[in-house]
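1. kindly return the folded structure for what I paste below:
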Amino acid sequence: MTQDELKTLVGQAALQYVQPGTVIGVGTGSTVDKFIDALASSGIQIAGAVSSSVRSTERMKSLGIAVLDADKVTALGVYIDGADEIDHGGNMIKGGGAALTREKIVADLATQFVCIADESKLVDALGKFPLPVEVIPMAAAQIARRFAAMGAEATLRAGVVTDNSCHILDVRGLTITAPLAFETEVNQWPGVVTVGVFARHRASVCLLGTASGVKTLAFGQ
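-> So this is what the prediction gives:
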């Protein structure tokens, strides 16, 4: 089974977490695109969706799904999004699509985070995938030096400006064994908008696409 087919499978599986008549949170990325397509063709009538990116907003609107502003919503029952990596505790690295800050904002509104991913994303420890960090442009070099002092290498993602008009550093050479402590520390560095470790907003459930079908990993709250 191809990676694209696995993404389609988990996108369809996520429909079981969508309650008719509710407002849901929708993330960003190629796997989420599959979920959006599945939702549009499912016949499930929702009150609307809060989107984490311009890309997802445009896709949903083109398929007739109402998109609501986050500031008009006080809570979401579920947030459905992918991950670049997820560990066995539900902690994730996100931000490969440069939407990490808005993804955390929407995730913070949700009672439940449902991660949809293929089995290549499941890891024992986070860090093999380059960690995205959204930064204020003037702080990029300063933050890169902080990571260098940790033995890692942070490089500016060329040609990328986020939906928030900021830059992305991709950090290589990390092994993140204490994700919550790491996220808390880096988020305090001046100039960091958001670090792409999702530990405080970790997944409640992961729907993992495997060669034998969709495997459900439950992590609790």
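
2. domain parsing of this protein, as residue ranges.
-> 3-123+200-218, 131-196 (automatic domain parsing).

3. buried ones in stretch 185-197?
-> 186, 191-197 (16 or more other Cβ atoms under 10 Å). The C-beta positions use only the backbone N, C-alpha and C, and glycine is treated the same way.

4. try stretch 56-73
-> 56-57, 59-60, 65, 73.

5. show me the two of those residues that sit farthest apart.
-> 59 and 73 (19.2 Å; Cβ to Cβ).

6. distance from the centroid: which residue in this protein tops it?
-> Ranked by distance from the centre of the chain (Cα atoms, centre = their mean), the top residue is residue 149, with 27.1 Å.

7. quick check: the gap between that one and residue 203.
-> 30 Å (Cβ to Cβ, to the nearest Å).

8. now the strands for this structure?
-> 23-26, 48-51, 67-68, 76-81, 85-86, 92-93, 110-118, 131-135, 153-156, 167-172, 192-195, 197-198, 205-210, 213-218 (DSSP state E).

9. low-confidence regions, this protein specifically.
-> Scanning the chain for pLDDT under 70 picks out 220-221.

10. show me which helix runs longest in it.
-> helix 30-42 (DSSP state H).

11. can I get it in PDB? Just the C-alpha atoms.
-> Below are the C-alpha coordinates for helix 30-42, written out as PDB (Å, rounded to 0.1, in the frame of the first residue of the first chain):
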ATOM      1  CA  SER A  30      -1.200  16.300   2.900                       C
ATOM      2  CA  THR A  31      -2.900  13.800   5.300                       C
ATOM      3  CA  VAL A  32      -5.300  16.500   6.500                       C
ATOM      4  CA  ASP A  33      -6.100  17.200   2.800                       C
ATOM      5  CA  LYS A  34      -7.400  13.600   2.600                       C
ATOM      6  CA  PHE A  35      -9.500  14.100   5.700                       C
ATOM      7  CA  ILE A  36     -11.000  17.300   4.300                       C
ATOM      8  CA  ASP A  37     -11.900  15.500   1.100                       C
ATOM      9  CA  ALA A  38     -13.400  12.600   3.000                       C
ATOM     10  CA  LEU A  39     -15.500  15.000   5.200                       C
ATOM     11  CA  ALA A  40     -16.800  16.900   2.100                       C
ATOM     12  CA  SER A  41     -18.000  13.700   0.500                       C
ATOM     13  CA  SER A  42     -19.300  12.000   3.700                       C
END
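
12. hmm, who's touching it?
-> The contact list for helix 30-42 (Cβ atoms under 8 Å, 6 or more residues apart in numbering) reads 7-8, 10-12, 14-15, 18, 26, 46, 56, 59-60, 63-65, 80-82, 116-118.
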